[in-house]
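Student: pasting the sequence and the predicted model now:
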Amino acid sequence: MKKFMLLIMLSILLLSCSPKNTKFVSIGTGGVTGVYYPTGGAISRMINKKFDEYNIKATVESTGGSVFNINAVLSGDLDFGIAQSDRQYQAYNGLAEWTQAGNQPDLRSVFSIHPEAITLIASENSEINTLEDLKNKRINLGNPGSGQLQNSVDIINSSGLTENDILAEYVKAIEAPGLLQDERIDAFFYTVGHPNGNIKEATSGRIKVRIIPIEGPRIDKLLEKDPYYAKVLIPVEFYPKALNTEDIETIGVKATFITSKNVDDNIVYAITKEVFENFDEFKTLHPAYKVLTKQNMLQGLTAPVHNGALKYYEEVDLLKYVDKELIVE
Ligand code: GLU
């Protein structure tokens, strides 16, 4: 009899743990030394903690960045991703990498996260001090699939140059600090939240390096042309070993949490709810989140907001902060 009871209990236990009930969701991020990767980790931790309530198990993948994540979310290979607001805008409107493929109307935003700064970092020996000095230099613009590749090209073009006027490299951001320290490149671009491990690594080696300001009349023109760029400052205190002595002026975008229209409303609702209900805890998970408020996490979005997220924002009276144009269904 005892054995029989044990068997019944065991099967009940097994049934309740059955993977049939579990919804697995994947989150695409970026390189492990960036901010997307720990951000994916922070979001997945919030939802996995409530496994008993939602049966959702989130996993995080290191990827090539924004463009990769957008495409993988649209094809259904990933459920969620983190992507730059400018790249989200371009995909939704069929621009840049999406010129051939056209508009991507299934793309949805969930919330925005930390600000990201276009960061140009150069070795002292390269003698790059301003954007005017980039000609003929060996510069990593970013891997195809990254968000920064288009930002780097925009800055190079605004400086009156083309990719042919420099010795362009297209490797992943994770490799760039090593190449800079080995003097195999003179500089690299990375669009990223601050502080981050990548720029710390680049500034902490034998070779002295400087973060180059991205400012001036030509950059002002770019800001007028492309409204998704905004002026931002990189606090010098984050990188005490860099040659800079004051905060660095540059331009930037926002990291956004994205998904597809085809992802289940209940899953998007649950993740949105857990991040917002645990907002104070979420903010402590990375120093780049220091500036976040619930309100600014609903600003800077450039694709329609997913229905599941809208449901939560409505419930807690945050809907008033969502741009009306982003409510499509
Ligand atoms: N902004 C970069 C990209 O979209 C990623 C930055 C990060 O991983 O923090 O590719």
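Tutor: Received the coordinates, thanks.
Student: the closest residue to residue 32 other than its chain neighbours: what's it in contact with?
Tutor: With sequence-adjacent residues excluded and distances taken as Cβ to Cβ, 6 or more residues apart in numbering, residue 32 is closest to residue 62, at 5.3 Å. The way it works is simple: take the backbone N, C-alpha and C, and place the C-beta from them, glycine included. The contact partners of residue 62, taken as Cβ atoms under 8 Å, 6 or more residues apart in numbering, are 29-32, 37.
Student: filter those down to the ones close to the ligand.
Tutor: The subset of these lying close to the ligand, counting by Cβ under 6 Å from any ligand atom, consists of 30-31.
Student: by neighbours, which of the contacts of residue 62 wins?
Tutor: Note: the member of the contacts of residue 62 with the most neighbours is residue 30, at 35 neighbours, neighbours being other Cβ atoms under 10 Å.
Student: assign the residue in the stretch 201-329 of the chain positioned nearest to the ligand to helix, strand or coil.
Tutor: For the stretch 201-329 of the chain, the residue positioned closest to the ligand under Cβ to the nearest ligand atom is residue 255, at a distance of 6.8 Å. Remark: residue 255 carries the secondary structure label strand [criterion: DSSP: H, G, I helix; E, B strand; the rest coil].
Student: show me the contacts for the nearest residue to it once chain neighbours are set aside.
Tutor: With sequence-adjacent residues excluded and distances taken as Cβ to Cβ, 6+ apart, residue 255 is closest to residue 113, at 4.4 Å. Contacts for residue 113 were tallied using Cβ under 8 Å, 6+ apart; they are 39, 82, 193, 254-257, 289, 292, 297.
Student: let me have those residues in a markdown table, adding pLDDT and neighbour count as columns.
Tutor: A markdown table is the format used below for the contacts of residue 113 (pLDDT from 0 to 100; neighbours: other Cβ atoms under 10 Å):
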| residue | pLDDT | neighbour count |
| --- | --- | --- |
| 39 | 98 | 25 |
| 82 | 98 | 28 |
| 193 | 98 | 24 |
| 254 | 98 | 24 |
| 255 | 98 | 28 |
| 256 | 98 | 26 |
| 257 | 98 | 26 |
| 289 | 97 | 19 |
| 292 | 97 | 18 |
| 297 | 98 | 25 |
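Student: burial of residue 106, as a residue count?
Tutor: Residue 106 is flanked by 17 other residues according to other Cβ under 10 Å.
Student: i'd like the first residue to be 27 from this point on
Tutor: Noted, 27 is the first residue going forward, which turns the last one into residue 132.
Student: now do it, the pLDDT please.
Tutor: Residue 132 is assigned a predicted lDDT (pLDDT) of 98.
Student: hang on, the earlier thing: wait, which of the contacts of residue 88 is closest to the ligand?
Tutor: Comparing every one of the contacts of residue 88 with the ligand (Cβ to the nearest ligand atom), the shortest separation belongs to residue 56, at 2.5 Å.
Student: show me what contacts that closest one?
Tutor: With contact taken as Cβ under 8 Å, 6+ apart, residue 56 is in contact with 62-63, 88-92, 108, 172, 199.
Student: how about the closest residue to residue 270 other than its chain neighbours, phi and psi?
Tutor: Closest residue to residue 270 in three dimensions, ignoring its sequence neighbours and counting by Cβ to Cβ, 6+ apart: residue 262, at 5.0 Å. The main-chain torsion angles of residue 262 are listed as degrees, to the nearest 10 and equal phi -70, psi -30.
Student: kindly report the same for residue 84.
Tutor: phi -100, psi 140.
Student: where does residue 79 sit, in terms of helix or strand?
Tutor: helix 77-80 (DSSP states H and E).
Student: and the lengthiest strand in the chain, is it in reach of the ligand?
Tutor: Ordering each strand of the chain by length in residues (DSSP state E) puts strand 133-149 first. Yes - legend: contact between strand 133-149 and the ligand by Cβ under 6 Å from any ligand atom is shown at residue 142.
Student: buried ones in that strand, by neighbour count?
Tutor: Neighbour-count burial for strand 133-149 flags 133-149 (criterion: 16 or more other Cβ atoms under 10 Å).
Student: same check, this time on stretch 268-281
Tutor: With the criterion 16+ other Cβ under 10 Å, stretch 268-281 contains buried residues 268, 270, 274, 276-281.
Student: just the strands in the stretch 227-355 of the chain please.
Tutor: For the stretch 227-355 of the chain, applying DSSP state E, counting those that start in this stretch gives strands covering 235-238, 256-260, 274-286.
Student: if anything else comes up later, I'll come back, but that's it for now.
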